[in-house]
Structure formats: structure tokens, C-alpha cells
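Asker: Could you work out the structure for the sequence below:
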Amino acid sequence: MAASTVVGREAVAPTILRVSDVEVVYKKSILAVRGLSLEVGEGSIVVLLGANGAGKTTVLKAISNLLGAESGHVTRGSIEYRGKVVTHADPADLVRDGLAQVLEGRRCFAHLSVEENLVMGDSATRRTRSDLKAEIERMYVLFPRLRDLRRRSAGFLSGGEQQMLAIARVLVSRPKLVLLDEPSMGLAPQMVEEVFESVRELNQRSGVSFLVAEQNAAVALAYAHHAYIVENGRVPRGGTAAELLAEDDFHALYLGGSADDRERAAVARPRRPEFTLRG
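Answerer: Numbering: from 1, shown residues only. Prediction:
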């Protein structure tokens, strides 16, 4: 991977993910993403903002190469991860190389216990039993609530608990980049903030990079370093979170407020988290 470069007096983080002019077609006839480009810097949180159906999930699945299950294909452009073209890479190889996705709707195995779900997170990496045990213990340190629930079936967890489990299950593979799809879906506002607090803590403490697809722009921008707007499979605009929050038309279109709301929207409002990350 390329080392950091310096522009003026500011160090610029190397790019861990680059999507260049990508086009995605479903069933050989439905154009879902057209000419889309974006970058994720190493150690950063980047969000894709847009309405339901804008193409955010398709972008994430194109990156993780999970489109095949839905008869989708990248028909143009390239995807680079850690300096290597991975446009058509095997999804399991991507996980082993540190790129993993938390799917929309959490997709926990409802009939399995919390701990059995965490074991499933190692299906691609296949560590030794002792290493896997240590990794699961690390998840319990990061998410203490999961330790208390480790024998409970995932189907009996709350939506927020399932989201934490889905994130922890991905983290078992020790990813360098996590694709997180609609983490706020179906969650109460307080739980949404707790999820994003966890993302920020993991980013700051462990250096994990995140690409997050999210409809809740107000919350996402409070935690993101950079954001892209996705509309009809394209990215018409992007910039730092501060830059987007400073634009009047962005507030009107995506935050439902005026420029007078900037300060409130730009500042995170963290509450006492139910899930506390430790270590």
C-alpha cells in the first residue's frame, strides 16, 4: 500500500478503497449504478447518503462482490482495495484480505446463539480453535452486553443488540475496512446514536476504516469524515462532512431544515452509550 503523502503541511492518508467509474447492471437489463466513483482514506469514516433505492446498497455489494446472488454484475469501471484491483475478486478472499460487509437488516442467524453467530464470523478466515476463542473474547471486551447475552438466541435480541452482534461478527475476521449498510434501519434514535458511537470508537481506537450507507444524514454526518450523495445510481456531489453541512441547499434537501440548523446538525449529540467499548 502506498505511504501517506504530504500536501503543504498536512499529511494525506493513503487510499484504502478506490471505486472508479463503476457501472452495475441487474439481470442484463436494469442499470442500477452508472459512472460512480468514490474513495475511502485509510482510517476514515465515509458515508453514502441518499434515499431508499438510490443505489447505496448496490455500491456496497459491488465492492464486496456480493451482486451475483441477485443477478447483478459490474459491467464497467474498476474497484481497487489496498492498491489491488478486486473488481471480480472472490468475496471470501476479500474477507481474508480485510474487507467485510455488515448487510442491511443485520442478517443474524436467528436460531443460533450470540456466541454461535460470532463463530460464524470466522468462516472465511478459519483460525485455530484457541485463536478463535481469543477473538470472541475480544468481542466480549468490546461489547460487554454480548457477553451477558452469549447463550441467548439471536432472534430474541432487540434490534440494537442484533446490530451490535452483526458488527461484532464481522470484526471477528479482523477487517481493515468495514462496509456497513443502513445501520439505523428500524432502530430508535437513542440506539442509532449508540451504534454510530461504536463505529467512531472502533475507528479511533483500532483504526478500522468504514464505508457506511445511510439515510439518516443528520446523524451520519455528525460522525463521518467525508460523505458522498448518491442519487439514481450516481454521485452528483461529495465532500467533507463540514463542507456539506455548510451548504444551504443540502440542509433543505437532506436535513429538512435551514441554515440555522447547521450548528445543531454538525455537532454530535452522544448520549451515555448502552454498549461501552473497552480496551
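Asker: C-alpha from now on. contacts and neighbour counts both.
Answerer: Noted.
Asker: Sketch out the low-pLDDT regions of the stretch 101-250 of the chain for me.
Answerer: The stretch 101-250 of the chain contains residues with pLDDT under 70 at 249.
Asker: What ranges does it have for its helices?
Answerer: Applying DSSP state H, counting those that start in this stretch to the stretch 101-250 of the chain gives helices spanning 114-120, 129-142, 144-148, 159-171, 189-206, 217-223, 241-245, 248-250.
Asker: Make JSON lines from those and add mean neighbour count and distance to Asn52 to it.
Answerer: Output for the helices of the stretch 101-250 of the chain, formatted as JSON lines (neighbours: other CA atoms under 10 Å; distance: least, CA to CA, whole Å):
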{"stretch": "helix 114-120", "mean neighbour count": "22", "distance to Asn52": "28"}
{"stretch": "helix 129-142", "mean neighbour count": "16", "distance to Asn52": "31"}
{"stretch": "helix 144-148", "mean neighbour count": "17", "distance to Asn52": "30"}
{"stretch": "helix 159-171", "mean neighbour count": "24", "distance to Asn52": "19"}
{"stretch": "helix 189-206", "mean neighbour count": "18", "distance to Asn52": "18"}
{"stretch": "helix 217-223", "mean neighbour count": "23", "distance to Asn52": "13"}
{"stretch": "helix 241-245", "mean neighbour count": "19", "distance to Asn52": "20"}
{"stretch": "helix 248-250", "mean neighbour count": "15", "distance to Asn52": "17"}
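Asker: closest to Leu48 out of those helices?
Answerer: Minimum separation from Leu48 across the helices of the stretch 101-250 of the chain (CA to CA) falls at helix 217-223, 9.1 Å.
Asker: Now tabulate the helices of the stretch 101-250 of the chain in CSV and tack on distance to Gln101.
Answerer: As requested, the helices of the stretch 101-250 of the chain are exported to CSV (distance: least, CA to CA, whole Å):
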stretch, distance to Gln101
helix 114-120, 14
helix 129-142, 17
helix 144-148, 20
helix 159-171, 7
helix 189-206, 14
helix 217-223, 18
helix 241-245, 23
helix 248-250, 28
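Asker: Out of those, which gets nearest to Leu99?
Answerer: Closest to Leu99 of the helices of the stretch 101-250 of the chain is helix 159-171 (CA to CA; 9.5 Å).
Asker: Pull the residues that contact the closest one.
Answerer: For helix 159-171, contacts defined as CA atoms under 8 Å, 6 or more residues apart in numbering pick out 100-102, 106-108, 114, 117-121, 139, 143, 146, 154, 178, 183, 186-187, 191-192, 195.
Asker: ok now that helix, how far from the chain's centre?
Answerer: Distance of helix 159-171 from the chain centroid (CA atoms, centre = their mean, to the nearest Å) equals 12 Å.
Asker: Same check on stretch 169-180?
Answerer: Using CA atoms, centre = their mean, the offset of stretch 169-180 from its chain centre is 9 Å.
Asker: end to end, how far does that stretch reach?
Answerer: Across its full length, stretch 169-180 reaches 12 Å end to end, with CA to CA, to the nearest Å as the criterion.
Asker: And stretch 75-90, by the same measure?
Answerer: Separation of the first and last residues of stretch 75-90 by CA to CA is 16 Å.
Asker: Centre of the chain to it, how far?
Answerer: The answer for stretch 75-90 is 18 Å, by CA atoms, centre = their mean.
Asker: Give me the residues contacting it.
Answerer: With CA under 8 Å, 6+ apart as the test, stretch 75-90 has contacts from 1-2, 15-25, 35, 62-63, 65, 74.
Asker: same thing but at 7 Å, please
Answerer: Contacting residues not belonging to stretch 75-90 are listed as 1, 16-25, 63, 65 [CA atoms under 7 Å, 6 or more residues apart in numbering].
Asker: of those, closest to Tyr228?
Answerer: Closest to Tyr228, out of all of the contacts of stretch 75-90 and judged by CA to CA, is Val19, at 12.3 Å.
Asker: so that closest one makes contact with Glu39?
Answerer: Yes - under the criterion of CA atoms under 7 Å, Val19 makes contact with Glu39 at 6.2 Å.
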